[in-house]
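**Q** I'll drop the sequence and a predicted model, then ask my questions.
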Amino acid sequence: MICTVYTHKIGVDKIVEVLKKSISNVSVNTTGNSSKVVAETKGGLFGKGSKLLINYRERLQPDYQIHATEDCPLNENLKGLYGYINSLPTNKDKVKGLCLAKVQTLNAEFSIQQEGTIKNLKEIILELAQELDALLFVQPDALISKSNGQHFLDKNLDLIIDGDGNCEIEELVVNIDSKYYDKPQTEATEDQKLRKEQNDAFIASKNIKVNKNLPFVESEDSVEIRSAKEIAERVTILAVTNFVAFNSMSGSDALEYISKYNLTDLVTPKELDFLQNPTEDKKSQETWKCECIWVLFWALDKTTEIGFPNALADLNNIPTEQYPVGKDKDPWNFINAQTSVKSTAEILNANDLYYRLDWACVDARINGLQIEEVHPGVVYERHYALNWLINYNNAQWDDVSCDT
């Protein structure tokens, strides 16, 4: 495979139109939201013909944000793509931020492969990229490669970012079709309006940029907060992985502890991967889950306030006897003892606040600015935990998204 092309635009018509400029024999086979496009060239008297193979698919519900829609594999792929790019180092924060913003707008993808040699293939790919305002995920040995590892190119085939954080552009345009952006919205409830108004005023009082056009979060009568037991189970596993992240326990010891107390079914695939191979990079990322643990303890009514996100959470403020895990400590005693959860209104108030703060952090990053009033990493992790608490998009822990 040469590359995977991602675009906000849907449909194969433009792809076929570009291919027919260079290759006359183009066929399309469409099933549902997927299509196979084959462009064939005839061989000479003694040679074989060549084929350009394109496998295309699009989102079930095209949009300008990533949502966890059921039975939509491309949505899941885009969420993974967003997380992967977000994890890459960068020497240009603004471009990386724009790339992340662009990923959320993507509605279709297609892979490009060739059998034999297609004349002018680079020019064909360039025209496809420009016509579709595309983002390309490219393999290191492809004819359009700009890096020794997997990397991303813009519509001009210039390097956006690679595994080492290299970048050769200064700007990246993010276009959104108005028919997706200007969707009709249902009338907001009074609790939604009041929540937004109060949080906008609070954010403004902290000298943080406010986006008055951000949508409302869910209303109290439309959301189902996770149960006390479910929250307690989640915070228990996070506490175990956090011990490994801070070198208080080895990965193998953590897995033994989890097995001993029959917690295996509560561990997510990403957490299992971490515990089986807790590299230093993974540990560094996992330490941020302190913020999630803090939010979930707050949700279990163990603390009065989450606090303002201008400083890291200090888990030492949680008494040892209230912590779910520890040496010779049966975590099920903690899990089964939890019966209290903050009110729906309190959790939605916090969720709405962190949604708006997260937008301010993303906006600052996209525009190459440093936000001083809050810590972006703290905001993101707390927003993540709060979205899980309200069952945002019905996502499981590994798949929670923080749309802004």
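**A** Sure thing, it's come through.
**Q** all contacts plus neighbour counts: C-alpha atoms, from now on.
**A** Will do.
**Q** who are the neighbours in contact with Glu381?
**A** Contact analysis of Glu381 by Cα atoms under 8 Å, 6 or more residues apart in numbering lists Trp288, Lys289, Glu291, Cys292.
**Q** Buried residues of stretch 187-204, list them for me.
**A** Across stretch 187-204, burial judged by 16 or more other Cα atoms under 10 Å covers Asp191, Gln192, Arg195, Lys196, Asn199, Asp200, Ile203.
**Q** for stretch 396-404, same thing?
**A** For stretch 396-404, burial by neighbour count (16+ other Cα under 10 Å) applies to Trp397, Asp399, Val400, Ser401, Cys402, Thr404.
**Q** Does the third one touch Leu389 like I think?
**A** No. At 10.2 Å, Val400 and Leu389 do not qualify as touching, with contact defined as Cα atoms under 8 Å.
**Q** ok, now which ones touch Leu100?
**A** By Cα under 8 Å, 6+ apart, the contact list for Leu100 reads Tyr82, Ile85, Asn86.
**Q** so how far is Glu220 from Val374?
**A** In this structure, Val374 and Glu220 are 27 Å apart, going by Cα to Cα, to the nearest Å.
**Q** Please disregard the earlier target; I meant Tyr84.
**A** 33 Å.
**Q** one step back: ok, so of the contacts of Glu381, who is nearest Thr279?
**A** Nearest to Thr279 out of the contacts of Glu381 is Trp288 (Cα to Cα; 15.0 Å).
**Q** What does the pLDDT read for the closest one?
**A** Trp288 carries a pLDDT score of 94 in this model.
**Q** can you list the buried residues of stretch 187-204 in JSON lines and add distance to Asn213?
**A** Shown next, in JSON lines, are the buried residues of stretch 187-204 (distance: Cα to Cα, whole Å):
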{"residue": "Asp191", "distance to Asn213": "17"}
{"residue": "Gln192", "distance to Asn213": "14"}
{"residue": "Arg195", "distance to Asn213": "14"}
{"residue": "Lys196", "distance to Asn213": "10"}
{"residue": "Asn199", "distance to Asn213": "13"}
{"residue": "Asp200", "distance to Asn213": "11"}
{"residue": "Ile203", "distance to Asn213": "14"}
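**Q** helix, strand or coil for Ile112?
**A** Three-state call for Ile112 (DSSP: H, G, I helix; E, B strand; the rest coil): strand.
**Q** Which strand residues bridge it?
**A** Counting by DSSP bridges, Ile112 is bridged to Cys3, Ile54.
**Q** Buried ones among the contacts of Leu100?
**A** Buried by 16+ other Cα under 10 Å: Tyr82, Ile85, out of the contacts of Leu100.
**Q** Which one among the buried residues of stretch 396-404 sits at the bottom for pLDDT?
**A** Thr404 (73).
**Q** Buried residues, the host helix or strand of Ala350. List them.
**A** If you go by DSSP states H and E, Ala350 is part of helix 344-366. The neighbour-count criterion (16+ other Cα under 10 Å) identifies 344, 347-366 as the buried residues of helix 344-366.
**Q** re earlier: mind checking which of the contacts of Leu100 land in helices?
**A** Judged by DSSP state H, the subset of those located in helices is Tyr82, Ile85, Asn86.
**Q** my guess is Asp133 meets Leu157, correct?
**A** No. With contacts counted by Cα under 8 Å, Asp133 stays clear of Leu157, the gap being 11.0 Å.
**Q** which of Tyr84 and Glu220 has more neighbours?
**A** Between Tyr84 and Glu220, counted using other Cα atoms under 10 Å, the more crowded position is Glu220 (18 against 12).
**Q** how about the helices in this structure?
**A** Secondary structure of the chain (DSSP H): helices at 13-20, 73-87, 93-105, 121-131, 178-181, 190-205, 228-245, 251-260, 269-276, 280-286, 289-299, 331-337, 344-366, 376-389.
**Q** Distance to Arg59 added to these, as TSV?
**A** Shown next, in TSV, are those (distance: least, Cα to Cα, whole Å):
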stretch	distance to Arg59
helix 13-20	16
helix 73-87	6
helix 93-105	11
helix 121-131	19
helix 178-181	13
helix 190-205	29
helix 228-245	30
helix 251-260	37
helix 269-276	24
helix 280-286	30
helix 289-299	30
helix 331-337	39
helix 344-366	24
helix 376-389	22
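**Q** so which of those helices gets nearest Ile66?
**A** When the helices of the chain are compared by Cα to Cα, helix 93-105 sits nearest Ile66, at 5.2 Å.
**Q** The closest one vs helix 73-87, what angle?
**A** Between helix 93-105 and helix 73-87, the angle comes out at 170 degrees (axes from the mean of the first three to the mean of the last three Cα atoms, to 10 degrees).
**Q** Rounded mean pLDDT for helix 93-105, please.
**A** pLDDT averaged over helix 93-105 gives 87.
**Q** ok so, going back, ok, so of the ones in helices among the contacts of Leu100, who is nearest Cys72?
**A** Nearest to Cys72 out of the ones in helices among the contacts of Leu100 is Tyr82 (Cα to Cα; 15.9 Å).
**Q** domains of this structure?
**A** The chain resolves into domains spanning 3-178, 191-404 when parsed by automatic domain parsing.
**Q** and those domains, which one is worst for confidence?
**A** domain 3-178 (a mean of 87).
**Q** Assess the claim that Ile335 and Ala232 are in contact.
**A** Yes. With contacts counted by Cα under 8 Å, Ile335 reaches Ala232, the gap being 5.1 Å.
**Q** Overlap of the contact sets of the two?
**A** Counting by Cα under 8 Å, 6+ apart, Ile335 and Ala232 have no shared contacts at all.
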